[in-house]
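In: could you work out the structure for the sequence below:
(one chain, ligands or ions: 1)
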Amino acid sequence: MNKVVIDVKNIGMRFNMSTQKVDNLKEYVIKTIKKEIKYNEFWALKDVSFQLKKGERLGILGLNGAGKSTLLKILAGVLKPTEGSYSATGRIVPLLELGAGFEKQYTGLENIYLYGTMLGYSRDFINEKLNEIVEFSELGDFINVPLKNYSSGMKSRLGFAIATVVEPDILILDEVLAVGDAKFKKKCEKKINSMFDKGITVLFVSHSLPQVQRICNRAILLEKGKLIADGSIEEVSALYEEKTK
Ligand SMILES: Nc1ncnc2c1ncn2[C@@H]1O[C@H](COP(=O)(O)OP(=O)(O)OP(=O)(O)O)[C@@H](O)[C@H]1O
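Out: Residues are numbered from 1 along each chain as shown. Model (predicted):
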């Protein structure tokens, strides 16, 4: 039996939502000092538990604001949960919001080194894989142009190319394929598929249900921060489709 690589136990995430409109930083500082800013507590995730075994590819489904990105951010180590705990075994590569980890004033090439270093790659490793990354991204001469002049699809290409050059044990993808054109989406899916045989574990958030169905073999459904279903991709996507009617 495959071993458990992600174990999420009773995770809860509370945010404080300001109930007042603050127009600028000065007003915010004054209101904070005067203690005039009131917050409402808001649980984006509550008591979420599940385990993932090596090789499982989990789609995380739910309507807008259900808590999908928050869950991925916690598992990627970007957010610390308010409650609960999780453990993960193996090299996790998160591809979260577009361009997270990129510096827009630097060129694509410089960003490969920056982002690669952030993901824990050594300089020698990046040098060795540089051609592969540039080729996969299909950015051509744009690789020497500052990122501020990239379209969102171009940033996504570069991010995906850098993140998947290592063949991670656990790949976390949040809507990264949404902005790529159809050709690039296909190429990314092919790359992810090629990692299936090696037993890659995937956590995938996308508003394209067909895409989730193509990539994932299991799914969970979140509703207002609560996990309300966990099962095969067929079962859970049928339930999700019911909810979106
Ligand atoms: N940093 C934050 N501060 C306050 N509230 C937040 C923060 N991040 C997320 N939220 C709130 O938590 C809830 C869950 O957000 P999240 O982005 O996880 O939802 P989602 O399921 O990914 O939604 P979508 O499908 O729209 O991307 C939302 O109501 C959102 O407003």
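In: what residues does this protein have near the ligand?
Out: Residues of the chain lying close to the ligand (Cβ under 6 Å from any ligand atom) are 15, 17, 44, 62, 64, 65, 66, 67, 68, 69, 70. Using the backbone N, CA and C atoms, a C-beta is placed for each residue, glycine as well.
In: where's the first one, which helix or strand?
Out: Applying DSSP states H and E as the criterion places residue 15 in strand 4-18.
In: would you put the C-alpha positions of the helix or strand following that strand in PDB?
Out: Using DSSP H and E, the next helix or strand after strand 4-18 towards the C-terminus is helix 25-33. Once non-C-alpha atoms are left out, helix 25-33 reads as follows in PDB (Å, rounded to 0.1, in the frame of the first residue of the first chain):
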ATOM      1  CA  LEU A  25      -2.800  54.300   5.100                       C
ATOM      2  CA  LYS A  26      -2.900  57.500   7.200                       C
ATOM      3  CA  GLU A  27      -6.600  56.900   8.100                       C
ATOM      4  CA  TYR A  28      -5.800  53.300   8.900                       C
ATOM      5  CA  VAL A  29      -2.900  54.300  11.300                       C
ATOM      6  CA  ILE A  30      -5.100  56.900  13.000                       C
ATOM      7  CA  LYS A  31      -8.000  54.600  13.400                       C
ATOM      8  CA  THR A  32      -5.800  51.800  14.700                       C
ATOM      9  CA  ILE A  33      -4.200  54.100  17.300                       C
END
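In: in helix 25-33, what's buried?
Out: By neighbour count on 16 or more other Cβ atoms under 10 Å, the buried set for helix 25-33 is empty.
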